[in-house]
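show me how the following folds:
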Amino acid sequence: MNAVRRERLLATSEPRASARAEPAVAQPLRMWHRHIAGVRSEYGDSHGLEGEIHGLEATTTCEGGTTRVVSGGFRATSPCAVSSHVEDGRSAPAEAGGSLVAHDGARARGNCTWRLILAAILLFSGGGCKRATAPAPAGAAGDGPLLYCSVDETFARDVLSRYEARTGRKVRVIFDSEAGKTTGLVRRIQAEAGRTGADVFWSSEIFNTILLARQGRLAPYESPAAADIPPQYKDAGHRWTAFGLRARVVAFDSEKVDEAGLPRTWEAYAQPELAGRLAIANPVFGTTRGHVAAMFAGWGRQRAEAFLRGLAEHALVVDGNSTAVRMVISGRCDLCFTDIDDVVVAQSSLPSLLCLYPDMGDGGTLMIPNSVALIAGGAHTDEAKKLIDYLVSAEVEKLLALSASRNLPVRAALREEIDMPMIPASTLSYDAIADVMEEAIEIARRILAE
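Okay, the predicted model is just below:
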């Protein structure tokens with residue numbers, strides 16, 4: 001049930017003849033690159049980095065090394081050997097109030113070539129982080145609906161361009177960064193309560209959407225286009241609709257890693273034998289945030305904390321899922337936690353990249369859907385509803401399934417049509433995961449930054 005994904009997952013423009021068939025031609029896929037401070041780093045043998053980072057751009061220096069952070073605002077200290085240059089920190093949170101800590105190099109063994117683990121990105125203070133999402137486009141009410149979107153821009157642009165070409169309606173859109181996926185836009189929606197902001201939220205996950213609904217930031221809308229979506233993927237109060245599932249997976253280079261030796265359960269990946277070989281995305285943001293919360297919901301606090309403490313001893317924490325995959329592609333690490341779409345994209349660069357669907361302990365891996373919602377107080381309600389109708393349609397779900405995003409349709413008939421069988425999935429409810437998310441992330445932030 002949890003067998004290694006052996007077939008090439010590269011997307012085609014037409015339905016596949018078989019879910020296990022090898023595509024005749026590997027289509028080139030463009031990887032997207034968005035970075036937060038701490039992503040592109042080179043480590044050397046210098047010592048004693050310590051400094052305060054403030055303002056839009058600041059530099060700290062130590063013997064033999066320089067650290068540059070754009071849109072900074074946190075303290076950087078290093079008790080161990082480090083010489084790093086951090087570039088393109090365009091989305092780094094300001095007013096973070098955290099610490100950039102480089103742990104002893106002994107924790108980064110095995111095939112990870114760098115000598116330390118940076119835990120800084122785990123210490124951003126939750127409410128104080130200020131995302132660097134672009135300001136909302138100015139314009140009158142007739143300018144069209146404003147969409148906040150945390151779906152990867154490559155895929156979302158294709159969907160939106162089709163909508164605009166078909167309807168003649170213009171959609172203004174603001175995307176979040178790879179490093180802060182969803183979280184920055186969620187905070188923006190929260191901050192805009194009581195005043196006109198965006199009209200539609202299209203998220204790459206479901207958990208923060210549920211929390212926004214509970215906070216009263218989403219308005220009810222029952223789209224007729226979602227009539228064939230199973231009830232477990234729709235809010236009982238019609239405040240959100242989910243579709244297009246992505247599996248949480250372990251990706252690895254099959255030319256370097258013996259698949260037979262990989263654990264078949266998520267919990268087993270906290271083993272010390274993986275020290276220095278495993279990369280994970282910062283759990284404060286993106287789908288890793290929901291995955292960690294699912295561990296707390298499914299395993300209980302004690303087991304989940306034990307798992308995180310195991311990871312803290314040997315895992316390399318990076319800014320996002322695609323960055324974690326790049327660690328495997330570059331050979332710096334052997335395996336990583338990520339989403340299936342990041343594996344699909346990366347296979348064009350590393351054909352030997354495969355993935356495993358570890359069990360959460362209840363029959364399968366965590367499946368995270370897209371979610372779409374009408375934001376309360378928007379200025380373009382009618383146009384927003386039309387956009388939602390399109391986004392939750394079977395047509396869009398099929399587009400995402402056949403794209404490099406490789407989203408698994410929630411519609412059983414569509415899965416059968418394009419020959420994409422359902423992956424063994426966890427039975428945890430999304431509401432149960434959302435219930436424990438805030439507590440889980442605070443605990444994860446603390447443990448992985450110790």
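
excluding sequence neighbours, find me the nearest residue to Ala413.
In this structure, Ala413 finds its nearest non-sequential neighbour in Asp228, 7.5 Å apart by C-beta to C-beta, 6 or more residues apart in numbering. (Each C-beta comes from the backbone N, C-alpha and C, glycine too.)

would you confirm that that neighbour contacts Val410?
No: in this structure, Asp228 is not within contact of Val410 by C-beta atoms under 8 Å, at 9.4 Å.

with neighbour numbers in mind, choose between these two.
Ranked by neighbour count (other C-beta atoms under 10 Å), Asp228 and Val410 place Val410 first, with 24 against 13.

secondary structure class of the more buried one, three-state.
coil (DSSP: H, G, I helix; E, B strand; the rest coil).

pretty sure it sits against Ala226.
No: between Val410 and Ala226 there is no contact, the gap being 9.9 Å when judged by C-beta under 8 Å.

which residues do the two both contact?
Phe243 (C-beta atoms under 8 Å, 6 or more residues apart in numbering).

next, the distance between the ends of stretch 222-238.
End-to-end distance for stretch 222-238, by C-alpha to C-alpha, to the nearest Å: 5 Å.

list the buried ones in that stretch?
Ser223, Ala225, Ala226, Ile229, Tyr233, Lys234, Asp235, His238 (16 or more other C-beta atoms under 10 Å).

surely the first one touches Lys385?
Yep, that's Ser223 we're talking about. Yes: with contact defined as C-beta under 8 Å, Ser223 reaches Lys385; the gap is 7.3 Å.

the single longest helix found in the chain - contacts with which helices or strands?
Ranked by number of residues, the top helix in the chain under DSSP state H is helix 430-449. The helices and strands touching helix 430-449, judged by 3 or more C-beta pairs under 8 Å, 6 or more residues apart in numbering; DSSP states H and E, are helix 207-214, helix 286-299, helix 301-314.

of these, which is nearest Val200?
Checking the helices and strands packed on helix 430-449 against Val200 by C-beta to C-beta gives helix 207-214 as the closest, at 11.6 Å.

what's in contact with that closest one?
Contact with helix 207-214 is made by 182-183, 186, 189-190, 201, 203, 218, 235, 237, 239-240, 289-290, 293, 371, 373, 430-431, 433-434, 437, as judged by C-beta under 8 Å, 6+ apart.

can you give me the end-to-end span of stretch 262-281?
Using C-alpha to C-alpha, one end of stretch 262-281 lies 19 Å from the other.

before we move on, what about stretch 203-211?
Using C-alpha to C-alpha, the two ends of stretch 203-211 sit 12 Å apart.

just the mean pLDDT for it, thanks.
Stretch 203-211 comes out with an average pLDDT of 96.

could you check how far the closest residue to Leu274 other than its chain neighbours is from Asp158?
Closest residue in space to Leu274, ignoring its immediate chain neighbours: His314 at 5.6 Å, by C-beta to C-beta, 6+ apart. According to C-beta to C-beta, to the nearest Å, His314 and Asp158 sit 38 Å apart.

quick one, which of those two is more surrounded?
The neighbour comparison of His314 against Asp158 (other C-beta under 10 Å) goes to His314, with 22 against 14.

in this structure that one contacts Gly276, no?
Yes: His314 lies in contact with Gly276 (C-beta under 8 Å); the separation is 6.3 Å.

quick one: Gly194 is in a helix?
No: per three-state DSSP, Gly194 lies outside any helix segment and is coil.

from Thr381, how far out is it?
Separation of Gly194 from Thr381 (C-beta to C-beta): 16 Å.

check Val328 too.
Shown here: Val328 relative to Thr381, a distance of 45 Å by C-beta to C-beta.

the more surrounded of these two?
Neighbours were counted for Val328 and for Thr381 using other C-beta under 10 Å; Val328 has more, 26 against 16.

what's the host helix or strand of the more buried one packed up against?
Remark: Val328 resides in helix 321-329, with elements defined by DSSP states H and E. Applying 3+ C-beta pairs under 8 Å, 6+ apart, one finds that helix 321-329 makes contact with strand 241-253, strand 278-281, helix 286-299, strand 315-318, strand 335-339, helix 340-346, strand 353-356.

that one vs helix 286-299, what angle?
If you take axes from the mean of the first three to the mean of the last three C-alpha atoms, to 10 degrees, helix 321-329 sits at 90 degrees to helix 286-299.

for helix 321-329, output the C-alpha coordinates as PDB.
Provided in PDB are the C-alpha atoms of helix 321-329 (Å, rounded to 0.1, in the frame of the first residue of the first chain):
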ATOM      1  CA  ASN A 321       9.300  22.100   0.500                       C
ATOM      2  CA  SER A 322      10.900  22.900  -2.900                       C
ATOM      3  CA  THR A 323      14.100  23.900  -1.100                       C
ATOM      4  CA  ALA A 324      14.100  20.600   0.700                       C
ATOM      5  CA  VAL A 325      13.900  18.800  -2.600                       C
ATOM      6  CA  ARG A 326      16.800  20.800  -4.000                       C
ATOM      7  CA  MET A 327      18.900  19.600  -1.100                       C
ATOM      8  CA  VAL A 328      18.300  16.000  -2.400                       C
ATOM      9  CA  ILE A 329      18.900  17.000  -6.000                       C
END
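
let me see the mean pLDDT of that helix.
95.

quick one: buried ones out of the contacts of helix 207-214?
Buried members of those, counted by 16+ other C-beta under 10 Å: 182-183, 186, 189, 201, 203, 218, 235, 239-240, 289-290, 293, 371, 373, 430, 433-434, 437.

ok so, going back, closest to Asn282 among the buried residues of stretch 222-238?
Using C-beta to C-beta, Tyr233 is the member of these that lies nearest Asn282, at 27.0 Å.

ok, how many other residues are close to the residue lying closest to that closest one once chain neighbours are set aside?
The shortest distance from Tyr233 to any non-neighbouring residue, by C-beta to C-beta, 6+ apart, is to Ala242 (4.0 Å). Applying other C-beta under 10 Å, we find 26 residues neighbouring Ala242.
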